[in-house]
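Colleague: Sequence plus the predicted model coming up.
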Amino acid sequence: MAKAKVAINGYGTIGKRVADAVRAQDDMEVIGVSKTRPNYEAAVAHQLGYDIYAPAVNLGAFEKAGMSTAGTIEEMLEKADLVVDCTPGGVGEKNKPMYEKVGIKAIWQGGESHSLAGFSFNAESNYEQALGRDLARIVSCNTTALCRVISPIDRELGVNKVRVSLTRRAVDPNDIKKGPVNAIVLNPVKLPSHHGPDVRSVLSHINITTAAMKVPTTLMHIHTVNMDINTDCTVDDIKKIFGSQSRIRFVDQGITSTAEIIEFARDIGRPRHDMWELCIWPESITVTEKELYFFQAIHQESITIPENVDAIRAMMELESDGAKSIEKTNKTIGLNNK
């Protein structure tokens with residue numbers, strides 16, 4: 001089987017992780033990655049053996065910095081079957097005409113709107129609907145997390161209503177430009193937040209309302225989740241459902257904070273301390289009269305990475321079975337939640 005040729009447009013927090021994950025697959029390959037300027041990330045990409053492409057107007061800056069390039073972004077796209085757009089939110093929309101001109105399949109990240117691609121993806125929820133599609137959007141880190149818990153509970157027990165309070169990290173660890181330092185910021189003040197509609201872009205029948213705030217931390221998000229479910233169940237029933245999901249990890253053994261989760265990821269040898277799984281505290285799981293409550297933590301830099309790989313596989317029709325794609329992606333990147 002010929003490998004799918006994948007271009008990564010944008011080699012930042014998400015792009016470099018997607019590139020590494022795609023490189024780990026045996027049914028796809030990275031044609032190249034793009035950078036707009038010759039910074040340290042471009043230098044690392046070069047050291048890792050990725051071909052670097054840049055906007056035509058910036059090629060001179062790379063040459064001046066002594067960093068070789070393989071050509072323009074348009075030339076990279078011409079060599080690829082599919083492009084994963086990992087540019088900052090709002091930039092991806094501006095790139096769409098370029099992709100349409102080349103006639104290439106495209107994946108965007110959650111910073112773009114659902115309407116840009118007309119289809120939002122979560123491997124657990126709608127893999128089969130992505131088969132052969134030309135355009136898709138990977139939902140955001142928070143939405144990915146919510147889909148991972150709502151989908152299996154809805155499938156097994158039925159979900160009547162979901163209410164979620166999101167405590168969001170202010171910025172990513174490498175972001176020195178913005179973020180609250182000594183404040184808790186309502187984001188947004190007007191309720192509900194955008195996360196509920198984003199979940200419905202994947203699970204259209206789910207009644208969900210969300211509220212969000214930002215706090216001065218960079219490591220992870222925390223959700224307080226409340227679900228009204230349709231079927232009587234016990235805490236053990238919920239643990240069994242969550243425990244069957246390969247991209248959910250129970251965190252216990254004294255872990256009570258996001259800092260300890262990140263330290264745990266470092267200790268088990270995860271690259272960049274990535275935690276691809278959604279983390280749930282089993283002690284927090286509570287069921288009262290068909291109401292389910294629990295805490296979950298989301299590593300915003302990495303939780304969507306396996307989703308990108310599965311979306312590529314579905315859109316390129318490399319695997320028709322979502323469960324098999326999830327299993328393959330997990331194995332190749334080293335995701336083992338046990």
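Modeller: Happy to help now that I have it.

Colleague: quick one: least confident helix or strand in the chain?
Modeller: Across the helices and strands of the chain, mean pLDDT, DSSP states H and E gives its lowest value to strand 185-186, namely a mean of 94.

Colleague: who does it pair up with?
Modeller: Strand 185-186 has the following strand partners under DSSP bridges: strand 208-215 (antiparallel).

Colleague: For the partner strand, which outside residues touch it?
Modeller: 142, 146, 150, 161-170, 179-180, 184-188, 191-196, 199-200 (Cβ atoms under 8 Å, 6 or more residues apart in numbering). In short, each C-beta sits where N, CA and C put it, glycine included.

Colleague: Inside helices: which ones of those residues?
Modeller: Among these, DSSP state H puts Asn142, Leu146, Ile150, His195, Gly196, Val199, Arg200 in helices.

Colleague: quick revisit: and the buried ones among the contacts of strand 208-215, selectable in ChimeraX?
Modeller: Buried residues among these (16 or more other Cβ atoms under 10 Å), as a ChimeraX selection:
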select :142,146,150,162,163,164,166,167,168,169,170,179,187,193,195,196,199,200
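
Colleague: tell me the domain boundaries of this structure?
Modeller: Here the domain assignment for the chain is 4-139+304-333, 141-298, based on automatic domain parsing.

Colleague: and these, which is most packed in?
Modeller: Of all the domains of the chain, domain 4-139+304-333 has the most neighbours on average by mean count of other Cβ atoms under 10 Å, namely a mean of 19.

Colleague: ok so, going back, now the ones in helices among the contacts of strand 208-215 in JSON lines, with distance to Glu317?
Modeller: Shown next, in JSON lines, are those (distance: Cβ to Cβ, whole Å):
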{"residue": "Asn142", "distance to Glu317": "29"}
{"residue": "Leu146", "distance to Glu317": "28"}
{"residue": "Ile150", "distance to Glu317": "27"}
{"residue": "His195", "distance to Glu317": "31"}
{"residue": "Gly196", "distance to Glu317": "32"}
{"residue": "Val199", "distance to Glu317": "27"}
{"residue": "Arg200", "distance to Glu317": "27"}
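
Colleague: got TSV for the residues you listed, with pLDDT too?
Modeller: Formatted as TSV, those follow (pLDDT from 0 to 100):
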residue	pLDDT
Asn142	97
Leu146	98
Ile150	98
His195	96
Gly196	96
Val199	97
Arg200	97
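
Colleague: Provide a list of residues in contact with the residue positioned nearest the centre of the chain.
Modeller: By Cα atoms, centre = their mean, the chain has its centre lying nearest to Thr304, at 1.5 Å. Counting by Cβ under 8 Å, 6+ apart, Thr304 makes contact with Ile14, Gln109, Gly110, Ile138, Val139, Ser140, Cys141, Thr144.

Colleague: so of those residues, which ones are in strands?
Modeller: Ile138 (DSSP state E).

Colleague: what two of the contacts of Thr304 are the furthest from one another?
Modeller: Spatially, the most separated pair among the contacts of Thr304 is Ile14 and Val139, at 12.8 Å (Cβ to Cβ).

Colleague: any idea how far Ile107 is from the residue of the chain most remote from its centre?
Modeller: Distance from the centre of the chain peaks at Lys64, with 34.8 Å (Cα atoms, centre = their mean). Distance of Lys64 to Ile107, computed by Cβ to Cβ, to the nearest Å: 32 Å.
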